[in-house]
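# any chance you could fold what I've pasted below:
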Amino acid sequence: MAKQTQFEVLTLKNGEWQTDTHYSDRDEAIEEARNLYGQGHLEGVKVIGEIYDDQTGTSKEQTIFDTTKKVTIKPKSEDSSGVVPPREGRISSRKRPQPKKSSDFMVAGKAIFWLVLILAGGLGILYGFDTLSAFLNKLM
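Have a look, this model is predicted:
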């Protein structure tokens, strides 16, 4: 084994950092740190990964997870006023032609026409079956 990696979960309480637990798995250490911080009784939690090299006898530490660092939002530049320019190729909703509205009488007329057509077709089919039945009865 040339290199060994270990992860320490450190907790901050009353202004002092204390080692809580050691893990060999990075994800387990981060999950434990999140759980501890979520309990609310700690001021901060961090996970430090330590890589130890057996051959050279040196170790290297790296902070992997830290709840004490503040997330800062970069201020907007002065030249951006927050106004988004309109996209090219789009037509404004005010300039679009409005679809023509058909009158209610036209819609009612179309509905009546289709209903009469369906009724006539149904009656025609019934008349055809009746005539076919009568014709077949005469043959037998």
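
# please identify the helix or strand for residue 59.
strand 58-66 (DSSP states H and E).

# pull out the buried positions in that strand.
residue 65 (16 or more other CB atoms under 10 Å). Any C-beta I mention is one placed from the backbone N, CA and C, and that applies to glycine too.

# and what of stretch 14-33?
For stretch 14-33, by 16+ other CB under 10 Å, it's 20, 23, 29-30, 32-33.

# for stretch 41-53, same thing?
42, 44-49, 52.

# pretty sure residue 50 sits in a strand.
Yes. Using DSSP: H, G, I helix; E, B strand; the rest coil, the assignment for residue 50 is a strand.

# measure it to residue 30 for me?
Using CB to CB, to the nearest Å, residue 50 is found at 15 Å from residue 30.

# tell me the secondary structure for residue 21?
At residue 21 the chain is in strand, as set by three-state DSSP.

# helix or strand: which one has the closest residue to it other than its chain neighbours?
In space, and not counting its chain neighbours, residue 21 is closest to residue 9: 4.9 Å by CB to CB, 6 or more residues apart in numbering. Applying DSSP H and E as the criterion places residue 9 in strand 3-13.

# which helices and strands does that strand pack with?
With contacts taken as 3 or more CB pairs under 8 Å, 6 or more residues apart in numbering; DSSP states H and E, strand 3-13 sits against strand 16-23, helix 26-38, strand 44-53.
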